[in-house]
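Visitor: Quick one: sequence and predicted model below, then my questions.
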Amino acid sequence: MSDVPPDEPLRLRGSLGQRLLEIYPAYIERAPYALRRTFRISLVQGQDVAQEAFLRVARACVTGRAVPGEHLMAYLLGAAHNLAVSTFRRERSVLVADTVLARLQERRSPVATGDLRVLHELVVPAIEEMAPGSRRRIVELQARGLEDGEIAEALGISLENLRVQRHNAIVELRRRLGRHCRPQRRKDTAVHGKGIR
């Protein structure tokens with residue numbers, strides 16, 4: 001069976017084609033919101049990924065490369081999730097706007113030698129061990145001296161979202177650096193009423 005060119009109209013035939021056409025409204029209602037929640041993307045981006053995933057699955061079904069079976073909705077949602085993973089994998093590292101970097105350069109202040117040792121021996125490796133994503137990016141930008149508003153603007157998130165993610169990132173860092181934190185700071189980082197030990 002040959003491939004269906006992307007610019008050629010897709011002709012869905014048979015029972016599988018009918019099932020795809022019938023399930024599309026429910027799928028396109030559900031998938032973009034699921035992608036939005038999972039990947040923290042805009043609704044428009046979720047719609048784009050969901051539509052592209054549907055077309056890819058439909059093309060694969062027409063050419064015989066895919067046989068989704070009884071669970072067509074689950075198959076489509078899985079395809080949308082996988083497409084989002086591959087699409088947004090490239091966009092995980094967030095680039096900071098040049099204006100933000102310029103402001104950072106202007107504000108550089110000398111740091112005490114002891115602080116540099118702690119920073120380079122303990123904190124920087126702990127930050128580098130964090131999973132790539134917005135939490136790590138927030139901590140990196142804050143360590144460079146950016147203000148909350150500047151970080152939120154650079155990452156394209158709200159101040160509320162920034163504060164929640166920064167809190168979670170700090171909790172994670174304190175867990176990693178637990179034995180190096182002062183005891184009263186470890187108690188301040190309570191998780192469900194229990195201090196980090």
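Guide: Here it is on my side, so go on. Numbers count the residues shown, from 1 in each chain.
Visitor: Please count neighbours and contacts with C-alpha atoms only from this point.
Guide: Will do.
Visitor: For Asp3, report the pLDDT, please.
Guide: On the pLDDT scale, Asp3 is placed at 53.
Visitor: pLDDT averaged over the lengthiest helix in the chain - what is it?
Guide: The single longest helix within the chain, with elements called by DSSP state H, is helix 14-39. What helix 14-39 shows for mean pLDDT is 89.
Visitor: what's the following helix or strand after it?
Guide: Following helix 14-39 in sequence order, the next helix or strand is helix 43-63 (DSSP states H and E).
Visitor: following that following helix, which helix or strand comes up?
Guide: Next element after helix 43-63 (DSSP H and E): helix 72-89.
Visitor: on that earlier part again, how far off helix 72-89 does the longest helix of the chain point, in degrees?
Guide: 40 degrees (axes from the mean of the first three to the mean of the last three C-alpha atoms, to 10 degrees).
Visitor: buried stuff in helix 14-39?
Guide: Leu16, Leu20, Tyr27, Ile28, Ala31, Pro32, Tyr33, Ala34, Leu35, Arg36 (16 or more other C-alpha atoms under 10 Å).
Visitor: Distance to Gly78 for the residues you listed - can I get that in CSV?
Guide: What follows is those, written out as CSV (distance: C-alpha to C-alpha, whole Å):
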residue, distance to Gly78
Leu16, 18
Leu20, 15
Tyr27, 11
Ile28, 13
Ala31, 10
Pro32, 12
Tyr33, 14
Ala34, 11
Leu35, 10
Arg36, 14
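Visitor: which among the residues you listed gets closest to Ala79?
Guide: Of all the buried residues of helix 14-39, Ala79 sits closest to Ala31, with 10.2 Å by C-alpha to C-alpha.
Visitor: got the contact list for the closest one?
Guide: Gly46, Gln47, Ala50, Leu77, Ala80 (C-alpha atoms under 8 Å, 6 or more residues apart in numbering).
Visitor: my guess is the first one contacts Leu35, does it?
Guide: Yes - taking C-alpha atoms under 8 Å as the contact criterion, Gly46 and Leu35 are neighbours in contact, 5.5 Å apart.
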